[in-house]
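Participant: The amino acid sequence is not available; the structure is as follows:
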């Protein structure tokens, strides 16, 4: 790890001060509502599902073996794993 990042003495440069929960929530929703939908329209639902299904399973993350386009409701953990 980094003990002393280059920005440690900059005023207001600590990410925990400027990355609020509201902004993080907005960016997660932006990914699902816009970026994922754009990919679905650009690639097609079948191709996008296939690409997600062939990803190797990683411990601690959800594996989308049935794809992504058939999900009706997604929570924060599912969005994080998809990103």
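Facilitator: Done, it's in. Bear in mind the structure is a predicted one, so any value in this text is a computation, not a measurement.
Participant: Poorly predicted segments of this structure, please.
Facilitator: 1, 71-73, 75-83 (pLDDT under 70).
Participant: where along it do the helices fall?
Facilitator: Counting by DSSP state H, the chain has helices at residues 15-18, 21-30, 37-43, 45-53, 76-82.
Participant: Indicate which one of the ones you listed is closest to residue 65.
Facilitator: If you check each of those against residue 65 by CB to CB, helix 45-53 wins as the nearest, at 5.3 Å. Yep, even glycine has a C-beta here, placed from its N, CA and C like the rest.
Participant: which strands and helices sit next to that closest one?
Facilitator: Applying 3 or more CB pairs under 8 Å, 6 or more residues apart in numbering; DSSP states H and E, one finds that helix 45-53 contacts helix 37-43.
Participant: The helices of the chain into a markdown table, with extra columns for distance to residue 68 and mean neighbour count?
Facilitator: Listed next are the helices of the chain as a markdown table, based on distance: least, CB to CB, whole Å; neighbours: other CB atoms under 10 Å:
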| stretch | distance to residue 68 | mean neighbour count |
| --- | --- | --- |
| helix 15-18 | 29 | 8 |
| helix 21-30 | 15 | 11 |
| helix 37-43 | 8 | 12 |
| helix 45-53 | 5 | 15 |
| helix 76-82 | 6 | 14 |
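Participant: Cool, thanks, talk later.
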